[in-house]
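Peer 1: A predicted structure for the sequence below; I have some questions about it.
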Amino acid sequence: MSDSLILVTGGAGFIGSHLCDALLAAGHRVRVLDNLSTGKPANLPLQDPRVELIEGDVADAALVRRAVAGCSAVAHLAAVASVQASVDDPVSTHQSNFVGTLNICEAMREAGVRRVLFASSAAVYGNNGEGVAVTEDTPKAPLTPYASDKLASEYYLDFYRRQHGLEPAIFRFFNIFGPRQDPSSPYSGVISIFTERALAGRPITVFGDGEQTRDFFYIDDLVPLLVQGLRNEVVAPGAVNVGHSQSVSLNQLLEAVRQVLGSLPPVTYGEARAGDIRHSRADSTLLRQRFQLGAATPLAQGLAQLLGR
C-alpha cells in the first residue's frame, strides 16, 4: 500500500495539507479534492509529481466519483468548519458537511474502496460532559447545524460499514492547532487568532473571564494518528476522541504566548458569549487503546513552532 493513491478531501487546508505531507513522506501518492474556499494551493507541494489537485466541491457527486476512482483509501476532511457559518447558512453548509460525506460513501461503495478516515468534532456532545473528561459514550446533543451534520455523517458512515463493508476511522477533534491555521478565517481557532493579534501588536479580546478551558492538540501530534487510521490493518467501529485530556485556560494560553514572544498587546475582557462551552476536555483512554499516541507536544513548544520562534 506504500505507493498507493489516497484521496484527501480538504487537502489544501490546515489539517489536510499536513496529512498530505505525511502521506507523501510514507511513499503514497496523493489526490486532493478541495474547493479552495479556505484551503490554499501554496499549502501543497504541487511541484511533486505524486500530488494531484482537483479544484471542486464534495457536494458534486459526479466529481467525487471521479476523485475516488483508483484510490486505495479516502481521508474525508473537507467541511465548512465553522459553527457560526452553519448557524447563519445551514442550507449551504449542509451541502459540504453532510451531503459531501454521503457522496464520499456512495462513491466508495461503487468503486469498492473500503477505508475512510473521517474528521468529526467534539461539537457532537453539545454541553454534555462539560467540566469532566468527555468519553465517547457521553450522550450526544448537537446544538448547531454543523454539529448535527457531523453526527449524522458518523451515523451514515456506520450504516455503510454495516451494509457495504466500509471501514471508517472516525476521529472527534477537540482543539487542533498549528501552522497553516489561517487566523484571518472566521473558522479559525482561538490560538491562531490570539497569536496573529499578538504578532501584529493588536489588542486581544477575551470573551468572559479567561478561565474557560480547552484541550489543545498540536497538529504534529495529530497527523501520525490520521496516518494510522488510513494504514492500520483493522479499524474498530465507533468514533474516538482526539485530545490529551489536559485542560488549559485561555489565561494560561495568553501567558504562554507572552513567554514565547516576550510581551503581549493589551488584553481586554468582554461579556461571555451565549452558548460558549466553559470547559471542554477529552477522555483519551480509547484513543490510546486503539492508536499509538506519542507524548504531547508541550503548549509552549507548539506555540513557538507556530510563531516561528
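Peer 2: Alright, I've got the coordinates. Numbering: from 1, shown residues only.

Peer 1: from now on I want contacts and neighbour counts done on CA atoms only, so please keep to that.
Peer 2: OK.

Peer 1: next up, the contacts around the residue nearest to S245 when sequence neighbours are not counted.
Peer 2: Counting by C-alpha to C-alpha, 6 or more residues apart in numbering, S245 lies nearest to A282, which is 4.9 Å off, once chain neighbours are set aside. By C-alpha atoms under 8 Å, 6 or more residues apart in numbering, the contact list for A282 reads A133, V134, T135, F174, D215, N241, V242, G243, H244, S245, Q246.

Peer 1: quick check: bridge partners of A282?
Peer 2: V134 (DSSP bridges).

Peer 1: just the closest of the contacts of A282 to N97, please.
Peer 2: F174 (17.1 Å; C-alpha to C-alpha).

Peer 1: can you put the contacts of A282 in CSV and add distance to D34 and neighbour count?
Peer 2: Putting the contacts of A282 into CSV (distance: C-alpha to C-alpha, whole Å; neighbours: other C-alpha atoms under 10 Å) gives the following:
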residue, distance to D34, neighbour count
A133, 34, 19
V134, 32, 21
T135, 32, 17
F174, 23, 21
D215, 28, 22
N241, 25, 25
V242, 24, 30
G243, 26, 30
H244, 29, 23
S245, 32, 19
Q246, 32, 17
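
Peer 1: residues near Y269, how many?
Peer 2: Y269 is flanked by 12 other residues according to other C-alpha atoms under 10 Å.

Peer 1: picking up where we left off before, look at the residue nearest to S245 and report its pLDDT.
Peer 2: As predicted, A282 sits at a pLDDT of 96.

Peer 1: ok, now how distant is it from F291?
Peer 2: Distance, A282 to F291, using C-alpha to C-alpha, to the nearest Å: 15 Å.

Peer 1: on that earlier part again, for the contacts of A282, could you give me TSV that also reports secondary structure and pLDDT?
Peer 2: Formatted as TSV, the contacts of A282 follow (DSSP: H, G, I helix; E, B strand; the rest coil; pLDDT from 0 to 100):
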residue	secondary structure	pLDDT
A133	strand	94
V134	strand	96
T135	coil	97
F174	coil	93
D215	coil	93
N241	strand	98
V242	strand	97
G243	coil	96
H244	coil	95
S245	coil	94
Q246	coil	93
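
Peer 1: name the SS class of the closest residue in space to V235 that isn't next to it in sequence, please.
Peer 2: Excluding the flanking residues, the one nearest V235 by C-alpha to C-alpha, 6+ apart is A169, at 6.2 Å. Of the three states, A169 takes strand under DSSP: H, G, I helix; E, B strand; the rest coil.

Peer 1: how about A169, what does it touch?
Peer 2: A169 neighbours (C-alpha under 8 Å, 6+ apart): R115, V116, L117, F118, G229, L230, V235, A236, P237, G238, A239.

Peer 1: any idea how far K140 is from the residue lying closest to the fifth one once chain neighbours are set aside?
Peer 2: Right, G229. Using C-alpha to C-alpha, 6+ apart and skipping residues adjacent in sequence, the residue nearest G229 is A169, 5.6 Å away. A169 sits 19 Å away from K140, going by C-alpha to C-alpha.

Peer 1: distance from the longest helix belonging to the chain to the middle of the chain?
Peer 2: The longest helix of the chain (DSSP state H) is helix 145-164. Relative to its chain's centre, helix 145-164 lies at 16 Å (C-alpha atoms, centre = their mean, to the nearest Å).

Peer 1: do the same with stretch 17-31
Peer 2: 16 Å.

Peer 1: okay, how far is it across it, tip to tip?
Peer 2: 11 Å.

Peer 1: which residues sit against it?
Peer 2: With C-alpha under 8 Å, 6+ apart, stretch 17-31 has contacts from 1-8, 11, 43-44, 50-54, 67, 219, 223-224, 226-227.

Peer 1: and the buried ones among those, selectable in PyMOL?
Peer 2: To isolate the buried members of the contacts of stretch 17-31 in PyMOL, using 16 or more other C-alpha atoms under 10 Å:
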select buried, resi 5+6+7+8+11+43+44+51+52+53+54+67+219+223+224+226+227
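
Peer 1: narrow the contacts of stretch 17-31 to those in strands?
Peer 2: L5, I6, L7, V8, V51, E52, L53, I54 (DSSP state E).

Peer 1: now render those residues as a markdown table, adding pLDDT.
Peer 2: Below are the ones in strands among the contacts of stretch 17-31 laid out as a markdown table (pLDDT from 0 to 100):
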| residue | pLDDT |
| --- | --- |
| L5 | 98 |
| I6 | 98 |
| L7 | 98 |
| V8 | 98 |
| V51 | 98 |
| E52 | 98 |
| L53 | 98 |
| I54 | 98 |
